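Undergrad: Sequence and predicted structure below; questions after.
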Amino acid sequence: MTGAAATPPPLPPRPASGPVEVRIRPGRLRDVPELVRLYLSLSPAARYRFHPFPFNRVAAGLAYSAVLVAQRLFSPFQRRHPRFLVGLLVAEVAGVDRIAGYGTMRGVLWEGMEPRVRFGFVVGDEFRGYGVGPRVLRAQAQRAVDLGYRWEIGAVFKSDTTALKALTKFGVRFYETDYRDPKAPDEENYFTEGDLHEILRLIPESTGMDRHAPAVRGPEIKPLATGGAR
């Protein structure tokens, strides 16, 4: 006998000012089913912007499991060996028993530059507006700084105006590039670079994102520095 789909518990009300309580912690293997649920619950547009490759339930589960196993195994080597830096942080909103968002981290070596950390993060559609994204970004920055890193890098679609505005607010710089994601060949991209100490300064530990901060200007675009990832 098939029952009706369970209705998820209601979210706490959005406060008039300031963020709700958001807790960030390292991901665990037992989080995999919930991470898969979060990913599959994203709107098609949000899922595409986060990762254009359309993971199914099995592929997503394997991907999350591999990252979480690597995070645990490689932890002793992440400070001295950037190639071993891999991690996943999850965000939880107080009073809600499901994951609200998560962020991934990966060490990258750029030719002629000091090691950098590549960030990616996503927030569940129903948790947008709770200040989860800035909390995840700050936790990623703090983790990277604790490991001795100074710079983060990433990539963002030029069409993703929401992400561009948010990243600009957090001091991230944008660089022109000819890179195209093979899974989204029609999308033009910016490479991004952020000073981790500046990100920590702009996202205070106790307050998250200021809902009443003034509007930000569009991103300042710079030529991409020579050299490539290796």
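TA: On my side now, so go ahead.
Undergrad: Distance of the residue nearest the centre of the chain relative to Arg57?
TA: Centroid-nearest residue in the chain, with C-alpha atoms, centre = their mean: Phe121, separated by 1.6 Å. Distance of Phe121 to Arg57, computed by C-beta to C-beta, to the nearest Å: 21 Å. (C-beta placed from N, C-alpha, C; glycine too.)
Undergrad: Distance-wise, check Val67 relative to Glu21.
TA: 26 Å.
Undergrad: So for these two, which sits in the more crowded spot?
TA: Val67 (19 against 13; other C-beta atoms under 10 Å).
Undergrad: From what I see, the more buried one and Thr104 are in contact.
TA: Yes: the pair Val67 / Thr104 is scored as a contact, 6.7 Å apart, by C-beta atoms under 8 Å.
Undergrad: Give the intersection of the neighbour lists for these two.
TA: Shared contacts of Val67 and Thr104 (C-beta atoms under 8 Å, 6 or more residues apart in numbering): Val86, Gly87, Leu88.
Undergrad: mind listing which of the residues you listed are in strands?
TA: Using DSSP state E, the subset of those located in strands is Val86, Gly87, Leu88.
Undergrad: quick one: contacts for the last one?
TA: By C-beta under 8 Å, 6+ apart, Leu88 lies in contact with Pro26, Gly27, Leu35, Tyr64, Val67, Leu68, Gln71, Tyr102, Gly103, Thr104, Met105.
Undergrad: Quick check, pLDDT for Pro76.
TA: Looking at Pro76, its pLDDT reads 89.
Undergrad: Same question for Pro9.
TA: So Pro9 comes in at 49 (pLDDT).
Undergrad: same thing with Ile221?
TA: Reported pLDDT for Ile221: 49.
Undergrad: Repeat that for Leu89.
TA: You'll see Leu89 listed with a pLDDT of 96.
Undergrad: just to revisit the earlier point, so which strand or helix has the residue nearest to the centre of the chain?
TA: Assigned by DSSP states H and E, Phe121 falls within strand 116-123.
Undergrad: Looking at that strand now, give me its mean pLDDT.
TA: Rounded mean pLDDT across strand 116-123 is 92.
Undergrad: before we move on, what about stretch 94-111?
TA: 90.
Undergrad: What ranges does the chain have for its helices?
TA: Along the chain, counting by DSSP state H, helices occupy 32-41, 44-50, 57-74, 132-146, 161-169, 196-202.
Undergrad: could you redo the ones you listed as TSV and give each row distance to Trp110?
TA: What follows is the helices of the chain, written out as TSV (distance: least, C-beta to C-beta, whole Å):
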stretch	distance to Trp110
helix 32-41	29
helix 44-50	23
helix 57-74	20
helix 132-146	15
helix 161-169	19
helix 196-202	15
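Undergrad: Mean pLDDT lowest where, among those?
TA: Taking the mean pLDDT of those, helix 44-50 comes last: a mean of 84.
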